[in-house]
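Colleague: Kindly return the folded structure for what I paste below:
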Amino acid sequence: MGAASSKKQSEGRFHLIDSAGVVITDEKLGRYADLPLVIGDGAQTAAASLMTVLAREPDLLADVRAAVRVGERRWDIVFRNGLRARLPEEGEARAWHRLATLVRNHDLMARAVHVVDLRKKDRLILRLTDEAAEVHRLRMSLSDQEGAV
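Modeller: Residues are numbered from 1 along each chain as shown. Predicted coordinates:
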């Protein structure tokens with residue numbers, strides 16, 4: 001995947017766009033299936049700078065399915081395994097590098113995490129998958145019962 005192009009969804013149709021957000025084509029897009037989607041208001045014009053940031057961590061970029069523009073100010077990155085990373089409005093390069101480090105050092109992609117919120121510099125917020133959250137609740141309930149007299 002090059003930083004020069006991506007796919008954009010608009011009004012239910014997909015288009016191949018260049019780095020400036022200009023539509024190249026909307027035909028025979030199957031051959032571009034490896035490119036991430038960019039979705040959301042203003043996504044097509046903001047995608048070039050995001051792709052430059054994402055390209056700094058090519059191993060992580062290879063797993064990106066979509067970049068979703070939120071409120072025309074920040075990005076959520078959706079991975080092929082369903083994980084969603086919430087990048088901050090400012091400092092997205094720092095947050096992206098932080099995520100790549102977590103993936104490398106803690107095998108984050110293989111864990112039962114649904115959302116990684118990187119919007120705060122001083123904390124990391126993880127949301128478990130529904131199944132993992134239920135297991136956690138059950139374990140906590142059992143440990144509370146074991147401590148009861």
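
Colleague: only C-alpha atoms for contact and neighbour calcs from this point on.
Modeller: Noted.

Colleague: The spatially most central residue of the chain: what's its closest spatial neighbour, skipping adjacent residues?
Modeller: Centroid-nearest residue in the chain: Ile77, 1.8 Å away (criterion: C-alpha atoms, centre = their mean). Using C-alpha to C-alpha, 6 or more residues apart in numbering and skipping the chain neighbours, the partner closest in space to Ile77 is Ala67 (4.6 Å).

Colleague: From Gln145, how far off is the one you found?
Modeller: 44 Å (C-alpha to C-alpha, to the nearest Å).

Colleague: Which of these two has more residues huddled nearby?
Modeller: Ala67 (26 against 10; other C-alpha atoms under 10 Å).

Colleague: Can you check the pLDDT for that one?
Modeller: According to the prediction, Ala67 has pLDDT 94.

Colleague: Can you list phi and psi of it for me?
Modeller: Backbone torsions for Ala67, taken as degrees, to the nearest 10, come to phi -120, psi 120.

Colleague: quick one: contacts for it?
Modeller: 36-39, 75-78 (C-alpha atoms under 8 Å, 6 or more residues apart in numbering).

Colleague: Check the gap between the residue nearest to Ile77 and Arg86 for me.
Modeller: 10 Å.

Colleague: And for Asn105?
Modeller: On the measure of C-alpha to C-alpha, Asn105 and Arg86 end up 19 Å apart.
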